[in-house]
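>>> Coordinates for the following, if possible.
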Amino acid sequence: YISSIDDSKKLNDMKGPCMIIAASGMCEGGRILHHLKHAIQDPANVIVIVGFIWLAGAIGAAICRRFAGYGARVGVFDKNVEGARKLAAEIKGFASGVDITDYDAVGKEIARFEKECGPTDVLVNNAGWDKFVNFVDTTPDLWEQVIAINLRGPLNMSHFVLKGMVARAHGRVVNIASDA
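Below you'll find the model as predicted:
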């Protein structure tokens, strides 16, 4: 756990893979923006961004555009494959419509992405979902869906990319969450 700005910036000097977890607002002006900028300015980077790609003004799309602007090779991963393809075409990136809740499908897509683009240097887990409803009106099926997307999805993505990051002693995983 890092509580000070100075300690947070020291993460940039760490050798080996590093996982950073923060709320979505931190991407626009907080410490996460600093870590993303530090991690992506190398045009040799290969980056996977997961989620909220297709929504107008969405953080995922903004992150993809920023990474591409630095010259990084960007993987646009979103369950909405048409949205992923549209944005990937715009930024000359790689598109995937993988369902991140499907562990085996994630493994195959990461392998396909890395074969085409190279090993992943940065993973940004930005996918998340909830249904706006009073809790007392929810069901265990809804809870399972929320947990699958918001917890198991990022775990699946991280599990596959971290293997290579650990082997190369290089990489960053940024997990973005919201209280929505």
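>>> Quick check: residue 71 is in a strand.
No - read with DSSP: H, G, I helix; E, B strand; the rest coil, residue 71 is coil and lies in no strand.
>>> ok, it to residue 4 distance?
Note on residue 71: its distance to residue 4, by Cβ to Cβ, to the nearest Å, is 32 Å. For glycine as for every other residue, the C-beta is placed from the backbone atoms N, C-alpha and C.
>>> And for residue 131?
37 Å.
>>> again with residue 140
From residue 140 across to residue 4, the span is 41 Å (Cβ to Cβ).
>>> same deal with residue 113?
Taken as Cβ to Cβ, the span from residue 113 to residue 4 is 35 Å.
>>> out of these two, which sits in the busier spot?
residue 113 (24 against 9; other Cβ atoms under 10 Å).
>>> How about that one, nearest residue that isn't a chain neighbour?
The shortest distance from residue 113 to any residue other than its chain neighbours is 4.8 Å, reached at residue 75 (Cβ to Cβ, 6 or more residues apart in numbering).
>>> Give me the pLDDT value at that neighbour.
What the model reports as pLDDT for residue 75 is 93.
>>> same thing with residue 12?
Here the pLDDT value assigned to residue 12 is 69.
>>> Alright, calling it a day.
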